[in-house]
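Trainee: how does the following fold in three dimensions:
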Amino acid sequence: MEIIDYVVQNRLILIPVLYILGVFIRKAEFIKNKYIPLILLSVAIIFSIIMGKDTIINNIIQGILVAGATVLGHQVMKQLQKNE
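Mentor: Residues are numbered from 1 along each chain as shown. Okay, here's the model as predicted:
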């Protein structure tokens, strides 16, 4: 099983949105790279709560899963490019 198997269908749109947001944040020179995952996590939780019809806990968990999938996907792509 993969992390995507646990994400609710309507939250999958947040993964590319968070990825693009991360790219823009990375280009901002006033934000350190080490804070990008925390910013993406916060945004994911907020959007998940706004989009959700479940309990607040389930929405927070969905936000964490979506942020995790985004950061994990970015790191996998980064590592695969590094090893070439």
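Trainee: every contact and neighbour count from this point should use C-alpha atoms.
Mentor: OK.
Trainee: find the residue at the geometric middle of the chain.
Mentor: In the chain, the C-alpha closest to the average C-alpha coordinate belongs to Ala67, at a distance of 2.3 Å (CA atoms, centre = their mean).
Trainee: what pLDDT is listed against it?
Mentor: Confidence per residue is given as pLDDT, and for Ala67 that number is 95.
Trainee: secondary structure class for it?
Mentor: In three-state terms, and counting by DSSP: H, G, I helix; E, B strand; the rest coil, Ala67 is helix.
Trainee: neighbours of Arg26, just the number please.
Mentor: Other residues near Arg26 come to 16 when the count uses other CA atoms under 10 Å.
Trainee: try His74
Mentor: Every residue meeting other CA under 10 Å relative to His74 is counted, giving 13.
Trainee: residue contacts, it?
Mentor: His74 makes contact with Tyr19 under the criterion CA atoms under 8 Å, 6 or more residues apart in numbering.
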